[in-house]
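Asks: Based on what follows, work out the 3D shape:
(one chain, ligands or ions: 1)
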Amino acid sequence: MTTAPFTLPILDLPDRPENRAICRRFHERPSRLPRIEWIERRGNALHSSPLGADGDVLALNLARGCWHQCGFCAARAYASYPGEAVLQVYSHTPQRLEEELAGRRRLPRAVFVSPSTDPFPPSSEVQAETVRVVNVLAKHGVEAWLMTRGFIRPFALHALAAQAKSVKAVVAITTLDRGLQRVLEPGTAPPRLRLRQIAGLRRAEVRVQVALDPLVPGLTDTRGNLDSLLRAVAGLGVKHVSAGYLFLRPGIVENLRAALCPHGWDESVLDAFADGPMLAAPGIAPARYLPKSRRQRGYAALMALAARHGLTVSVSALANPDFAPPRTACKSEARGLLHFGAARSTGQSTSS
Ligand code: SF4
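Replies: Take a look at the predicted model:
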């Protein structure tokens, strides 16, 4: 007996059990935004982060879950991840933060907001909470480090501008291709909008860093993809970008496969990791990385291309634990150079 192939839109897969599961997941993706659920936090709001030595840089999570649903996201693979239908936002975070900072003998230099959830999801309610947290940190002279792939609403951008001296923003972007972006990070802001946000942040004199993070082998690290992206970024007056390759853990593989399989990209991407090392580092959960030589080649090609656009590139140490740290910086400063974009994926900054 012959079995009919799937005829589902954009999916053209042989009728095998694993493909049925993929198709089911694809079609069960929520079409509406998740609901917000305010929950009580257990434990401290501030917690350690792999970004700074000796409590120099702490982290704070605003919520569990993330509406952006990036296929490569490590946070979506945590046991505590609440699923795609809900964003569990911690109640009273600004107040808790205020109390914890007031009770500390030594204040951190910076707080990374928020490693396991984008601080600018498509919700004014949550973005307002992010702003309140930034304001509390600024009041105590502590920098807020924010990494986003989202749409920063005008009121939030205005608030960041008002605290520009205390804010450092990282805008992650890996492609200008809207179709590819939708596959890899379906809930995030469109690439062109992110470019406009980078320009807006720069105009507001907020320190902004552009992170090509994560580079996905064969998809976003290609010359064609990077050339147009680097040209656009350089056109904004940006002089420097950071970069880090994707790494894998079992939950990430599952989500990534579901995102890529309908387009036939899953095997080529995942196969690239076949001979890659499993690495762990202090504060970073073990993960499988691309072979070191593959990453070195990729970064070298990126740097050469970036130079043609007048851009320099720094490589994320958190995404490359087997690379030697920069020799010129002290330990704390070197960690600061790690470009906290990668911290979202380390799997360590997630406690509430
Ligand atoms: S990578 Fe960031 S923006 Fe994407 S789902 Fe994870 S936390 Fe959200």
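
Asks: Can you list the buried residues in the strand ranked longest in the chain?
Replies: Counting by DSSP state E, the longest strand found in the chain is strand 207-215. If you call a residue buried by 16 or more other Cβ atoms under 10 Å, then strand 207-215 has these buried ones: 208, 209, 210, 211, 212, 213, 214, 215. No exception for glycine: its C-beta is placed from N, CA and C like everyone else's.

Asks: ok, and the closest non-adjacent residue to residue 159?
Replies: Of all residues not flanking residue 159 in the chain, residue 131 sits nearest, at 4.2 Å (Cβ to Cβ, 6 or more residues apart in numbering).

Asks: helix or strand for that neighbour, which one?
Replies: Assigned by DSSP states H and E, residue 131 falls within helix 124-139.

Asks: which other helices and strands contact that helix?
Replies: The contact analysis (3 or more Cβ pairs under 8 Å, 6 or more residues apart in numbering; DSSP states H and E) places helix 124-139 against strand 86-90, helix 93-102, strand 110-113, strand 143-148, helix 154-162.

Asks: Please convert the ones you listed to TSV, extending it with distance to residue 175 and mean neighbour count.
Replies: Formatted as TSV, the helices and strands packed on helix 124-139 follow (distance: least, Cβ to Cβ, whole Å; neighbours: other Cβ atoms under 10 Å):
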stretch	distance to residue 175	mean neighbour count
strand 86-90	25	21
helix 93-102	32	17
strand 110-113	25	26
strand 143-148	16	25
helix 154-162	23	17
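
Asks: These: which one's closest to residue 51?
Replies: strand 110-113 (6.0 Å; Cβ to Cβ).

Asks: Which neighbouring elements make contact with that closest one?
Replies: So strand 110-113, by 3+ Cβ pairs under 8 Å, 6+ apart, packs with strand 57-60, helix 124-139, strand 143-148.

Asks: Could you save these as a markdown table and add columns showing distance to residue 98 and mean pLDDT?
Replies: Shown next, in a markdown table, are those (distance: least, Cβ to Cβ, whole Å; pLDDT from 0 to 100):
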| stretch | distance to residue 98 | mean pLDDT |
| --- | --- | --- |
| strand 57-60 | 12 | 96 |
| helix 124-139 | 5 | 98 |
| strand 143-148 | 14 | 98 |
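
Asks: I'd like to know which of those is closest to residue 50.
Replies: strand 57-60 (8.8 Å).

Asks: what's the next secondary structure element after the closest one?
Replies: strand 63-64.

Asks: closest one to the ligand among the helices and strands packed on helix 124-139?
Replies: Evaluated over the helices and strands packed on helix 124-139, closeness to the ligand peaks at strand 143-148, with 7.3 Å, by Cβ to the nearest ligand atom.

Asks: Does residue 228 touch residue 174 like I think?
Replies: No: here residue 228 does not reach residue 174: they are 11.7 Å apart, not a contact under Cβ atoms under 8 Å.

Asks: Neighbour count for these two, which is higher?
Replies: Neighbour tally, residue 228 and residue 174, criterion other Cβ atoms under 10 Å: the higher count belongs to residue 174, 26 against 14.

Asks: Phi and psi next, for that one.
Replies: Note on residue 174: its backbone torsions stand at phi -130, psi 0 [degrees, to the nearest 10].

Asks: was I right about it contacting residue 220?
Replies: Yes: contact criterion Cβ under 8 Å: residue 174 and residue 220 qualify, at 4.2 Å.

Asks: list residues touching both of these two?
Replies: Common neighbours of residue 174 and residue 220, using Cβ atoms under 8 Å, 6 or more residues apart in numbering, are 184, 212, 214.

Asks: who touches residue 206 in this structure?
Replies: Contact analysis of residue 206 by Cβ under 8 Å, 6+ apart lists 160, 161, 164, 167, 168, 169.

Asks: From residue 182, how far off is the first one?
Replies: With distances taken as Cβ to Cβ, to the nearest Å, residue 160 is found 26 Å from residue 182.

Asks: the helices in the stretch 201-350 of the chain, which residues?
Replies: All helices of the stretch 201-350 of the chain, identified by DSSP state H, counting those that start in this stretch, fall at 223-234, 250-260, 266-271, 292-308, 331-336.

Asks: Ok, which of those helices comes nearest the ligand?
Replies: With Cβ to the nearest ligand atom as the criterion, the ligand lies closest to helix 250-260 of those, at 9.3 Å.

Asks: What is the neighbour count of residue 283?
Replies: Other residues close to residue 283 by other Cβ under 10 Å number 17.

Asks: Can you read off the backbone torsions of the closest residue to it other than its chain neighbours?
Replies: Spatial nearest neighbour of residue 283, excluding adjacent residues (Cβ to Cβ, 6+ apart): residue 50 at 3.2 Å. Dihedral angles of residue 50 (phi, psi; degrees, to the nearest 10) stand at phi -80, psi 10.

Asks: Could you check how far residue 50 is from the ligand?
Replies: Distance of residue 50 to the ligand, computed by Cβ to the nearest ligand atom, to the nearest Å: 16 Å.

Asks: What count of nearby residues applies to that residue?
Replies: If you count neighbours by other Cβ under 10 Å, residue 50 ends up with 25.

Asks: cool, and residue 280?
Replies: The number of residues near residue 280, taken as other Cβ under 10 Å, comes to 10.

Asks: Nice, that's everything, thank you.
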